[in-house]
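Participant: I'll drop the sequence and a predicted model, then ask my questions.
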Amino acid sequence: VGRISQFLETHDEATDVDRQLLTSRITDLRRQIEQLEERIDGDAVRSRTQSLMNLVSRRMAEYAQFLGLEHSTTGVRIDPQRLTVVADLPSGPAYMSEKEIGGGMNWVGYHLATYLAMQAYFIEHARPVPSFIVFDQPSQVFFPEEDSASEGDAVDFDDLEVGDKERTRRLFMLINDAVTAASGNLQVLVLDHADFLSEPWFQDAVLEKWRGSAALIPAGWLDEQPEVEG
């Protein structure tokens, strides 16, 4: 009888301890479930996404104003559903994807402003996105097609109108300022025919000059045709 009584008392104590541990574990798991449900809640995700996009859009608008782009003072933002730039006008939204925001400078400028603004956000918040951008001929919109396509010739900046000269200069200034503000955390490569600005900040950034046979792809590679069987 004594042994049975001791066993039952010990068993009851162990059961009480186990019950307390299980209760505590259940409480912790319920708390974790609630936190996970909040993270995947559609309304919460949309609200957080909109908040983050507003931060990016504000910086994008600052860049757009620096470039003097259309609608930059009335309010521009990124539409995450359409993946495009939209301007909020009294008459309604104007989308760049539908060419409601027109002009070569606006198209090039808003692309640059958007990419640079997003990269600034990713860097500041340590997001796992490669901090690397390549822009191909952002100044081409200001040059006649035959000039930009001339093989081996540098684009003559003197042929530009005064307004286009300043717009081109501001495009490169914006890129330079964004890279400088990132303090070494952002790399931007620009491939462009135009090498026209004499200012040190521009010339210091020029790493390669390709003319004639000196090109991105060595001419010898084009002569080496692989043998194809059959």
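Facilitator: Nice, thanks for sending it over.
Participant: sec struct for residue 180, please.
Facilitator: Assigned with DSSP: H, G, I helix; E, B strand; the rest coil, residue 180 falls in the helix class.
Participant: for this structure, what's the longest helix?
Facilitator: helix 2-40 (DSSP state H).
Participant: Which residue ranges of this protein form helices?
Facilitator: So, for the chain - with DSSP H - the helices run 2-40, 42-67, 104-124, 145-148, 162-181, 200-203, 219-223.
Participant: Give me the neighbour count for residue 80.
Facilitator: 13 (other CB atoms under 10 Å). The C-beta positions use only the backbone N, C-alpha and C, and glycine is treated the same way.
Participant: can you check residue 218 too?
Facilitator: Going by other CB under 10 Å, the residues that sit close to residue 218 add up to 11.
Participant: From here on, call the first residue 5.
Facilitator: From this message on, residue numbering opens at 5, which makes the last subject residue 222.
Participant: Which helix or strand in this protein has the lowest average pLDDT?
Facilitator: One helix or strand of the chain scores below all others by mean pLDDT, DSSP states H and E: helix 149-152, with a mean of 47.
Participant: any idea how far residue 57 is from residue 111?
Facilitator: Distance, residue 111 to residue 57, by CB to CB, to the nearest Å: 20 Å.
Participant: need the helices of the chain in a markdown table with mean neighbour count and distance to residue 101, can you?
Facilitator: Output for these, formatted as a markdown table (neighbours: other CB atoms under 10 Å; distance: least, CB to CB, whole Å):
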| stretch | mean neighbour count | distance to residue 101 |
| --- | --- | --- |
| helix 6-44 | 10 | 29 |
| helix 46-71 | 15 | 16 |
| helix 108-128 | 20 | 10 |
| helix 149-152 | 12 | 24 |
| helix 166-185 | 17 | 21 |
| helix 204-207 | 12 | 32 |
| helix 223-227 | 9 | 37 |
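Participant: Which one of those helices has the poorest average confidence?
Facilitator: Mean pLDDT is lowest for helix 149-152 out of those, coming in at a mean of 47.
Participant: picking up where we left off before, if you compare the directions of the longest helix of the chain and helix 46-71, what angle comes out?
Facilitator: If you take axes from the mean of the first three to the mean of the last three CA atoms, to 10 degrees, helix 6-44 sits at 40 degrees to helix 46-71.
Participant: for the helices of the chain, which one sits closest to residue 143?
Facilitator: Nearest to residue 143, of all those, is helix 166-185, at 4.8 Å by CB to CB.
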